[in-house]
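> Take a look and give me a structure for this.
(chains A and B)
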Amino acid sequence: MSESDARIEIKSLVVDYGEVRAVDDVSLSVGRGELVTLLGPSGCGKTTTLRSVAGLEDPTGGSIKLNGTTVYSAAERRNTPAEKRGVSMVFQSYAIWPHMTVFDNVAYGLKVRKMPAAEIKSNVMRVLDLVQMTEYADRPSSRLSGGQQQRVAVARAIAFSPDVLLFDEPLSNLDAKLRVSMRVELRELQKDLGITALYVTHDQEEALAISDRVIVMNAGKIEQIGTPEEIYRHPRTLFVADFVGNANVIRGKASGVPASGEVDFTTEGGITLRAVVGHAGAKGDAVALQAAYVDIFPAGRTDVPNAVKGSIHRRMFHGDFIQYVVDWPCGQLLVRRPPTDLFEEGSTVTVSFSAEHCVLL
Amino acid sequence: MSASATTPPAQAGGAVSDTRGPDRRLGRYLVVPGILATIGLLVIYPVFFLITESFNLGDSGVFPPEEMGLDNYRNMIEDVQVLWNTAFVAGIATVMAILFGLLLAWILTRTAIPGRARLERLMELPYYMTPLVGALAWGVLAAPKTGLINQLARVFGATGDVVNIYSPWGIAWVMALFEGTVAFVMISASMKSMDPSMEESARVLGAGKLRVALTVTLPMILPGILSASIFVFAEMLSAFAAAFVLGIPSRFVVVTTAIWQSTSAYPPEYGRAAAMGLCLFVVLAVAIGSARFVLRKGSYATITGKAFRPRPLRLGARAWPMVLTCWAYLAFAVFLPMGALLLTSFQKFATVIVGDMRFTFDNYVSVFHQGAIASALKNSLILGLIVASIGSLLVGVLVWVIFRSRAPGRGLVEYVVMFPQAVPRLVFGLGLLWAWLIIPIPIYGTMWLLGIAYLTVLLPLGVRTLAGVVLQIDKSLEECARVCGASWSHQMRTVTLPLMRPGIVAAWLLIFISSVRELGASLFLMGPHSKVIGPAIVDAWLTASSELSAAMALVQTGVVFIAVIFLLRITRRYSGEPA
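Residues are numbered from 1 along each chain as shown, chains lettered A, B, ... in the order given. This next block holds a predicted model:
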């Protein structure tokens, strides 16, 4: 992505809360129409980064550009106030003003911008229509369900056509079913309107499903940036492997660490696996293997890659998949198979996975 | 929509000015010291005088003192009877009040009795009755010989008096009735904050009802009971009205009435009063501090801050004694006293045999027409309106600075503002008396001084009321307005202030109510041309008649109750809506 195309550009951002460094040298950029997710456990600095973009924090160092305009710069001692940044935000608590109707909530940003009343009305009704809340326009917003408040919050955030939309864990207060369907709706809306969005979540499944790119954060630092597939398939660090998907981490020693290609990896359990070098600079002391990439065959197969003998310790039926715990020379291996792949507990099997899914960390 | 979404509004591109520039920073650094200086002057200055006066052995009207020493403190040992009286009355009154509170809290939060919701609301009533009114009324009800209860008992064949309210037990009884509702509120809060699943899990694990009560329920609510006990005890120590009305006739003196006596003696013993006042203040500060400590240390129950409604016990026919208990409390604390006062206020001569009563409206005519009394009532109302208006405005600013701004030193502001809470009103009034007597500005004996005093002692009440509302306003409601493009002032106008409004109105009403019923601080501060209703009732009782003081007390209570009705309306309207 070229420099001019970046809508959000963060360089070396540092935010301190007293003694604690909440955000530590974070640099990232979000392109036009792109949805980028900050993913990480609570306290990893993702929300603080987002709030710094919104202008709700006093960072310590670095710079933030929106649309090529510097809104924060430690060097220039500049921190443009939130209301002058032209960004919009959906808050985790929705922040629906209880003393206003749904209409007044959504119209707020337009009224602040002194838009004529007729235009406000048509704009509000249009965005309410986008989130299917038209018939609630005159309702006092204190009498809305969680899902409805969520829709109003989104409508309010997009009503004044902001350059950049920020989402702070917008779905975390909804129940599981609604969360999944709202996820789809949000993505549709963002694609249709071509909104540039920075999205914060701690839910890895949500991050993978909704994003163009995912940024995994830990302890104030960025661990890895990549498309959802890259993050899932080729985690670069132990933390990412552990946090994203359901990866088995197998410790051992690589025969060497070339810049790319395949290597032999000797596990602590004493077997040798073929592994792929996902990125330059891997340490070579562990491999990550997503549970979904492992095949299980009846015992005795040898014509498959990385074939290792094991036995089924436990079988758990999840509906969409079956999760097996397999005893194998390196301890226990988590394996996820389609519900059609049935093996009895206690039976001996051969597990197999291709070298490209066995990623050297 | 997609067309407008891709047209970037010029906001981010155009404005790069930093409004958090030096001018606003400067404001931020000036606001807090300004507030601290003002409030500090109002609060600390009188206390400083109190301390000086307590060491003054010479002429108490001269400042700085000509002769200083510890004699005022040493002399208190001679007053050991007074100290013992105080501890005795406060002690038994606390035990009674806590028993009332515990019983009522248990009935109203844990049992299913008919009319529970209404009873719970009515329990607020005693809180708004002043102890002065209660003491006057109980004087009518249970005085030896003429008391209505004793008269009634004689009809049924009793010889002599069955009750005598002019006794230590009588004083404690009246104090306990009015503090009982405070204990009720505190204890039921700790009962409501207990997750019922804690008891349920003990039951499931095989414990019987009694065992659950002893091993789970009691330990959970014990901190609440303990801190309520300490708090109520502290209130009892500094209570004046009941001990004054019911103790002075029988020459039973406690610390607060001793302070009053030494200031109204001739020559006034200000040094003795100040020394006693300071000791009372120290005891109170320690007590309130330890109550908070107990509550914080032991509050397993209040960790979530969530209110639970445990499944109430179904009692069947056994519910009726419970209902009766609640109504009996209300009868003793509110209905009987009000009835007795009403009866007295219409009498020509009070405290006569029921059969010989003569009725008249003269007392009410006096309240509204006799110069001094009418002007006291008018002054109280005017003071209430002005103090409530200025106070609620001030409270709004203070709460915003303390809980919402990022101004340095805001914690200290909270501490200083809440300080008067720890000083007994009577003692604070004493301090203000000298503080403003000595200053060359001639406001002593005027309404100005009363206004300043009310404002100072009532600020903590207002701040506590509004803080409760403000702390419930999610910060993101304000942040969202900023992100939507609103400036700070626009956000304040459209979001923060409308959300704070119910709290500000409640603070206004509570300050108004407390001003109208103020007694402790007013006693020393009113002058001949600035009479207010509370002390005027005391004066009428001392010098004129109990019929007149009954009429005055009823008018005062009426004004308070009208304000209370508005208050309840407002809090109910807003409490229904989730913030």
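
> can we go C-alpha only for contacts and neighbour counts from here?
Fine.

> How many residues are close by the closest residue to residue B:526 other than its chain neighbours?
Nearest residue to residue B:526 in three dimensions, chain neighbours excluded: residue B:445, at 5.5 Å (Cα to Cα, 6 or more residues apart in numbering or on different chains). Residues lying near residue B:445 (other Cα atoms under 10 Å in any protein chain shown) number 19.

> ok now do residue A:127, which residues does it touch?
Going by Cα atoms under 8 Å, 6 or more residues apart in numbering or on different chains, residue A:127 touches A:155-156, A:158-159.

> just the buried members of these?
A:155-156, A:158-159 (16 or more other Cα atoms under 10 Å in any protein chain shown).

> could you say what helices and strands the longest helix belonging to chain A packs with?
Across chain A, the helix with the greatest residue count (assigned by DSSP state H) is helix A:176-193. Counting by 3 or more Cα pairs under 8 Å, 6 or more residues apart in numbering or on different chains; DSSP states H and E, the packing neighbours recorded for helix A:176-193 are helix A:204-210, helix B:2-6.

> Contact residues of the stretch 101-250 of chain A facing chain B?
A:108-109, A:112-113, A:126, A:142, A:157, A:161-163, A:192-195 (Cα under 8 Å from any Cα of the partner chain).

> mind running it again at 10 Å?
A:105-113, A:123, A:126-127, A:130, A:142-143, A:153, A:156-164, A:166, A:191-196 (Cα under 10 Å from any Cα of the partner chain).

> per-residue confidence at the residue nearest to residue B:526?
Looking at residue B:445, its pLDDT is 79.

> can you tell me how far it sits from residue B:517?
19 Å (Cα to Cα, to the nearest Å).

> and if you look at residue B:219?
Distance of residue B:219 to residue B:517, computed by Cα to Cα: 38 Å.

> Give me the more crowded residue out of those two.
Shown here are residue B:219 and residue B:517; by other Cα under 10 Å, residue B:517 has more neighbours (26 against 15).

> Pretty sure that one sits against residue B:129.
Yes: using Cα atoms under 10 Å, residue B:517 is in contact with residue B:129, at 8.9 Å.

> Now for these two: what residues contact both?
Both residue B:517 and residue B:129 are contacted by B:553, B:556-557, B:560, under the criterion Cα atoms under 10 Å, 6 or more residues apart in numbering or on different chains.

> neighbours of residue A:21, just the number please.
Counted with other Cα under 10 Å, residue A:21 comes out at 16.

> Which residue comes closest to it once chain neighbours are left out?
residue A:15 (6.1 Å).

> Confirm that that neighbour lies within a strand, as I assumed.
Yes: under DSSP: H, G, I helix; E, B strand; the rest coil, residue A:15 sits within a strand.

> residue contacts, it?
A:21-26, A:45, A:48-49, A:52, A:57-62, A:220.

> In strands, which of the residues you listed appear?
A:21-26, A:61-62 (DSSP state E).

> Among these, which one is most surrounded by other residues?
residue A:23 (29 neighbours).

> For that one, which non-adjacent residue is spatially closest?
Using Cα to Cα, 6+ apart, the closest residue to residue A:23 is residue A:220 (4.2 Å).

> pLDDT at the one you found, what is it?
At residue A:220, pLDDT is 95.

> What is the burial count for it?
Neighbour count for residue A:220, taken as other Cα under 10 Å: 23.

> mind listing what it touches?
Residue A:220 neighbours (Cα under 10 Å, 6+ apart): A:13-15, A:20-26, A:40, A:43-46, A:48-49.

> So which residue is smack in the middle of chain A?
In chain A, the residue lying closest to the centroid (Cα atoms, centre = their mean) is residue A:207, at 2.9 Å.

> thought it was touching residue A:243?
No: using Cα under 10 Å, residue A:207 is not in contact with residue A:243; the gap is 11.6 Å.

> Quick one: low-confidence residue ranges for chain B.
Within chain B, the segments meeting pLDDT under 70 span B:1-29, B:60-63, B:297-311, B:349-357, B:573-579.

> give me every residue that touches the closest residue to chain A within it.
As assessed by Cα to the nearest Cα, chain A sits closest to residue B:485 within chain B, at 3.8 Å. Residue B:485 makes contact with A:81-88, A:108-113, A:160, B:11, B:491, according to Cα under 10 Å, 6+ apart.

> go with 7 Å
By Cα atoms under 7 Å, 6 or more residues apart in numbering or on different chains, the contact list for residue B:485 reads A:83-84, A:109, A:112.
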